[in-house]
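> Take this sequence and fold it.
(one chain, ligands or ions: 1)
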Amino acid sequence: MSIWKQFYKQSLTERLNRLVNGRYLNEKTATWLANNQSLPLEIADHMSENVIGTYGLPFGVALNFMINQKDYLIPMVIEEPSVIAAASYGAKLVRKNGGFTAHVSKRLMTGEIALLNVQTQNEANELTTWINAHKNDLLDVARSAHPSIVKRGGGPIDIRTHYYPQTEQTAAFFVLYLTVDTKEAMGANMMNTMLEAIDHYLNHYFHEHNLPYETLLAILSNYTTDCLVTVSTTISADTLTKQHLSGQWVAKRIALASQFAKTDTYRAATHNKGMMNGIDAIVLATGNDWRAIEASIHAYATKTGQYQGLTTWTYDETNQRLHGELTISMPIGTVGGSIGIHPSAKLAHQLLGHPDAKTLMTIIASVGLAQNFAALRALVSEGIQTGHMRLQAKSLAIQVGAQSDEVESVTEKLLQQPQLNQETAKQVLLNWRN
Ligand code: NDP
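Sure thing, here's the model as predicted:
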């Protein structure tokens, strides 16, 4: 029997036992999970400020992922019902068609220093010429500020500039962009250290040469256009056949839904939010900065000048194949921040087999594509509420006070009601107890 068979129907203890039997977890970690000790207070106290406790979220695993011919169990931390189920379902259909193919085209981080008082295009050109002529000196300043990353084979790579002339609403800004190979780290801190060193060097130079320029700020950018991953899959229309719905009909409508998300911003935001349900959950599980990933991916969705849905689904009617593709920025790390500190983040990396940063980028992007695929498939056919209903009913049962041994029965009764709301749930619970 596959260890994943009926996994979702098992009790939490049974699931942990299966993971131990499958050698995904050892006994000690399973006990630690079962006893809910995932973030000891003394560690939490060092992670943030004014700590008064920890805040728990469900930690689950999505199944069926095959990425570049390798199987993965995906750790996900998320409070929203249906997300892990949908990701697993999307991945299951993709798996039947050979899985996901993914690659990282580049993995560099970008930082910027904004300069003031560069009033004319001529001044901007002169400053650009000076910066280009002194690029190696500036890169050396950055290298000296964080030599350990250079020793690891990374470090500052390039400098470029951009000029924003003054407008009626804004001052003129001259920007110096620094690209850095941060190796396995997301690199915010090392980038900021390097930028501040260049910032000091520039201010010193301007002062020495009586130039009116000064720096405004120096910081990493979360718009990471040089840190990109692409994932794709091709699905036979047959796979999408469900009851009375033809797979070809569903496939065509998924492609149309993808076009709609490129057209209408109202839909694009929701399309991307659905995809981020999966991405955020694995980003959070692996101890990465999910605000940075949210900022990065939503900024990347505006790259054409219009905020658009990021996945692209096309349907080849002749061969009856649906092709899905996603290119996104993904500035994650496998070291740094809380990754080596939070015990659950360490466990998430272990469950994934300790992938390097580029591999982790491919895994996260695949989760995003699976999530989007499952959502679109449901949206253009039966709608998403059918699948959500059971989980919604369960949440309602818990909200109105059903205890563990009551939840399943109250959920069943609730599903037989014409309407799902708190009032009905309270009544059903009361009837059940009487
Ligand atoms: P860290 O400051 O923790 O730096 C990464 C560390 O990992 C370095 O100390 C480095 O050691 C070590 N390391 C070990 N092995 C490697 C390797 N193979 N490659 C690279 N580094 C290695 O984290 P980051 O610089 O990555 O910054 C991420 C943190 O910054 C997150 O917590 C994020 O929330 C936060 N942040 C985010 C911002 C944003 O997104 N705008 C802004 C500011 C902070 P060594 O120094 O010896 O090389």
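> Which helix or strand lies directly C-terminal to the least confident helix or strand in the chain by mean pLDDT?
Lowest mean confidence among the helices and strands of the chain (mean pLDDT, DSSP states H and E): helix 385-399, at a mean of 78. Scanning forward in sequence from helix 385-399 by DSSP states H and E, the next helix or strand is helix 404-415.
> what's the angle between that next one and helix 385-399?
Going by axes from the mean of the first three to the mean of the last three CA atoms, to 10 degrees, helix 404-415 is angled at 140 degrees with respect to helix 385-399.
> Counting neighbours, which bits of helix 404-415 end up buried?
Buried residues in helix 404-415, counted by 16 or more other CB atoms under 10 Å: V407, V410, T411, K413, L414. Quick note: C-beta positions are derived from backbone N, CA and C, even for glycine.
> Out of those residues, which comes closest to the ligand?
Lowest distance from the ligand to the buried residues of helix 404-415 (CB to the nearest ligand atom) belongs to V407, with 36.1 Å.
> Disregarding residues adjacent in the polypeptide, which is nearest to that closest one?
A397 (5.2 Å; CB to CB, 6 or more residues apart in numbering).
> now do the same end-to-end measure for stretch 410-430.
Length of stretch 410-430, first residue to last, CA to CA, to the nearest Å: 10 Å.
> Also stretch 95-110?
35 Å.
> And for stretch 217-229?
Using CA to CA, the two ends of stretch 217-229 sit 29 Å apart.
> if we can go back for a sec, who are the contact partners of the residue nearest to V407?
E406, V407, V410, T411, L414, A425, V428, L429 (CB atoms under 8 Å, 6 or more residues apart in numbering).
> Pick out the most distant pair among the buried residues of helix 404-415.
Using CB to CB, the buried residues of helix 404-415 span at most 11.1 Å, a distance reached by V407 and K413.
> Residue numbers of the stretch 301-434 of the chain in contact with the ligand?
G333, V335, G336, G337 (CB under 6 Å from any ligand atom).
> Among the residues you listed, give me the pair with the biggest separation.
Top of the distance list for those (CB to CB): V335 and G337, 8.3 Å.
> Just want to know which of these two has more residues nearby.
In terms of neighbours (other CB atoms under 10 Å), G337 is the more surrounded of V335 and G337; the figures are 19 against 15.
> Quick one: name the residues of the stretch 1-150 of the chain near the ligand.
So far as CB under 6 Å from any ligand atom goes, the stretch 1-150 of the chain lies against the ligand at S148, I149.
> shaky segments in the stretch 1-150 of the chain?
1 (pLDDT under 70).
> And the helices in it, which stretches?
12-21, 27-34, 41-47, 83-96, 121-133, 135-145, 147-151 (DSSP state H, counting those that start in this stretch).
> Out of the ones you listed, which is closest to I341?
helix 41-47 (6.3 Å).
> Would you mind listing the buried residues in the closest one?
A44.
> For it, give me every contacting residue.
Residues contacting helix 41-47 (CB under 8 Å, 6+ apart): V51, G53, T54, S338, I341, H342, P343.
> Quick one, grab the pLDDT at the fourth one.
Which is S338. We have a pLDDT of 92 for S338.
> pLDDT wise, what is the residue lying closest to it once chain neighbours are set aside at?
Among residues not flanking S338 along the chain, G287 sits closest, at 4.8 Å (CB to CB, 6+ apart). Note on G287: pLDDT of 98.
> tally of neighbours for G287?
So G287, with other CB under 10 Å, has 26 neighbours.
> can you tell me how far it sits from L391?
26 Å (CB to CB, to the nearest Å).
> if we can go back for a sec, dump the residue contacts of the residue nearest to S338.
Per CB under 8 Å, 6+ apart, neighbours of G287: G337, S338, I339, G340, I341, H342, S344, A345, K346, A348, H349.
> Would you mind checking the residues you listed for buried ones?
Among the contacts of G287, the ones that count as buried (16+ other CB under 10 Å) are G337, S338, I339, H342, S344, A345, K346, A348, H349.
> in the sheet, who's paired with Y315?
L322 (DSSP bridges).
> surely it meets V380?
No: the criterion here is CB atoms under 8 Å, and Y315 misses it with V380 at 11.5 Å.
> Common neighbours of those two, please.
In contact with both Y315 and V380: I254, using CB under 8 Å, 6+ apart.
> Mean neighbour count, the helices of the stretch 1-150 of the chain: which tops it?
helix 83-96 (a mean of 23; mean count of other CB atoms under 10 Å).
> what does that helix contact?
Counting by CB under 8 Å, 6+ apart, 8, 60-66, 74, 76, 78, 100, 233, 235, 239-240, 277-278, 281, 366-367, 369-375, 377-378, 387, 391 sit against helix 83-96.
> residues contacting A425?
A393, L396, A397, Q399, V400, V410, L414.
> secondary structure element for it?
Assigned by DSSP H and E, A425 falls in helix 422-433.
> tilt between that helix and helix 404-415?
Using the same axes, to 10 degrees: helix 422-433 against helix 404-415 is 120 degrees.
> Off-centre distance for helix 422-433?
38 Å (CA atoms, centre = their mean, to the nearest Å).
> With stretch 392-403 instead?
The answer for stretch 392-403 is 29 Å, by CA atoms, centre = their mean.
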